[in-house]
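1. give me a model of this one.
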Amino acid sequence: ERAAAVDELRAWISHQDAQNRRDGCSLRLLRCGTVLMIVISLLICCMVPNRGADEAWGTSVPVSPLLRAAAGSGRGATMPRRRLSESIGTHGNYPNHSAFERPIDALRRLRPDRRTSDFPLILCAGHGKSATKSLSRALIMLGFSSAHFFGAGIYGLLHGNAAEIHGHDFFFKPVNAKDKHVDAVLDTPVVDFYNEILLTYPNARVILSVRNVRSWLRSQQSFYKNFGNGCANWQAPWRRGSNLVFGTECPSPEQAVKRYTQHNRNVFDAVPRQRLLVMDIPGGDGWDKLCPFLGVQPPNGTFPSRH
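-> Next up is the predicted model:
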């Protein structure tokens with residue numbers, strides 16, 4: 001009996017060893033399968049990004065379908081948080097309400113009998129300190145006449161304070177009837193009245209000069225602090241121009257950047273693409289962009305750089 005019991009015990013131990021080996025193999029296979037699934041998920045994340053879904057999730061980093069499915073079903077990963085820079089976007093679908101009309105349409109409705117001109121004006125709607133002086137010089141080299149900065153203000157935009165005159169005609173009439181109509185207008189106060197000018201000159205072509213924000217801000221703040229003993233000491237028409245463009249006579253850096261970037265977006269949204277040229281002259285744009293837009297041949301000499 002003792003021998004039979006020992007044989008039975010040995011058989012049971014042998015059976016348990018075989019079962020443990022089978023279980024260990026299954027466990028190892030399960031672990032390998034889990035690792036394989038993770039690797040495949042990472043490969044899908046890196047190689048097949050779903051940009052449309054990723055934008056809806058508020059992240060520019062591709063999210064794997066497995067992770068997205070887990071988050072969508074409430075299991076596992078949660079939806080990534082939006083960073084501030086990622087949450088800012090363009091909202092093109094405005095409410096169907098007159099308060100959300102484009103400014104140019106609201107102005108057209110307000111004055112449907114506005115007098116217009118077929119003259120092909122070159123309207124340079126870029127902020128001051130975005131290389132408008134270089135652009136003005138380039139236009140002169142191409143044979144166009146130019147009214148830059150205060151030169152444009154003499155047409156009633158600053159001296160006559162057009163912002164307070166109902167029914168003001170935004171014509172750039174020559175002072176002398178025998179003189180030629182000015183070809184191009186640039187800088188303050190044109191910046192604030194580009195909608196009215198576009199309504200007056202429906203054939204106008206628009207050049208939006210831009211510049212890196214940090215570089216533009218340094219130049220703008222330096223000009224306002226140093227030119228003419230500082231903006232607080234400027235003559236009334238100049239202070240009026242600053243109020244039109246920045247909402248104050250001596251804008252802070254925050255106020256200046258806010259108005260600068262918002263203006264660029266407004267012009268870009270308002271002007272039909274075939275009539276708009278965006279130029280970053282400090283960034284290297286020159287004759288190769290300007291001349292085809294105006295339909296002229298580039299002149300001899302390099303593109304001007306003036307301050």
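
2. so who does A131 touch?
-> S209, R211, M279, I281, P282, S305 (CB atoms under 8 Å, 6 or more residues apart in numbering). Every C-beta, even on glycine, is put in place using the N, C-alpha and C of the backbone.

3. which of those fall in strands?
-> Counting by DSSP state E, these place S209, M279 in strands.

4. tabulate the contacts of A131 (JSON lines), appending neighbour count, distance to S222 and pLDDT.
-> Written out in JSON lines, the entries for the contacts of A131 read as follows (neighbours: other CB atoms under 10 Å; distance: CB to CB, whole Å; pLDDT from 0 to 100):
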{"residue": "S209", "neighbour count": "25", "distance to S222": "18", "pLDDT": "97"}
{"residue": "R211", "neighbour count": "23", "distance to S222": "14", "pLDDT": "96"}
{"residue": "M279", "neighbour count": "24", "distance to S222": "22", "pLDDT": "98"}
{"residue": "I281", "neighbour count": "24", "distance to S222": "18", "pLDDT": "97"}
{"residue": "P282", "neighbour count": "18", "distance to S222": "15", "pLDDT": "96"}
{"residue": "S305", "neighbour count": "13", "distance to S222": "17", "pLDDT": "88"}
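
5. reformat the contacts of A131 as TSV; add distance to T188.
-> Conversion of the contacts of A131 to TSV gives the following (distance: CB to CB, whole Å):
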residue	distance to T188
S209	13
R211	15
M279	18
I281	17
P282	19
S305	21
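
6. which one of the contacts of A131 is nearest A232?
-> Lowest distance from A232 to the contacts of A131 (CB to CB) belongs to R211, with 25.0 Å.

7. show me the shaky parts of this protein.
-> Applying pLDDT under 70 to the chain picks out residues 1-36, 38-92, 150-159, 175, 177, 306-307.

8. show me where it has its strands.
-> According to DSSP E, the strands that the chain contains are 122-124, 146-148, 184-186, 205-209, 276-279.

9. now tabulate these in TSV and tack on distance to K173.
-> Supplementary listing: those in TSV, determined by distance: least, CB to CB, whole Å:
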stretch	distance to K173
strand 122-124	16
strand 146-148	11
strand 184-186	12
strand 205-209	20
strand 276-279	25
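
10. tell me the buried residues in stretch 191-203?
-> Taking 16 or more other CB atoms under 10 Å as the neighbour-count basis, stretch 191-203 is seen to contain the buried residues V191, D192, F193, Y194, N195, E196, I197, L198, L199, T200, Y201.

11. pretty sure the third one is touching G160, no?
-> When you say that, I think you mean F193. No: shown here, F193 and G160 do not form a contact pair, counting by CB atoms under 8 Å, at 11.9 Å.
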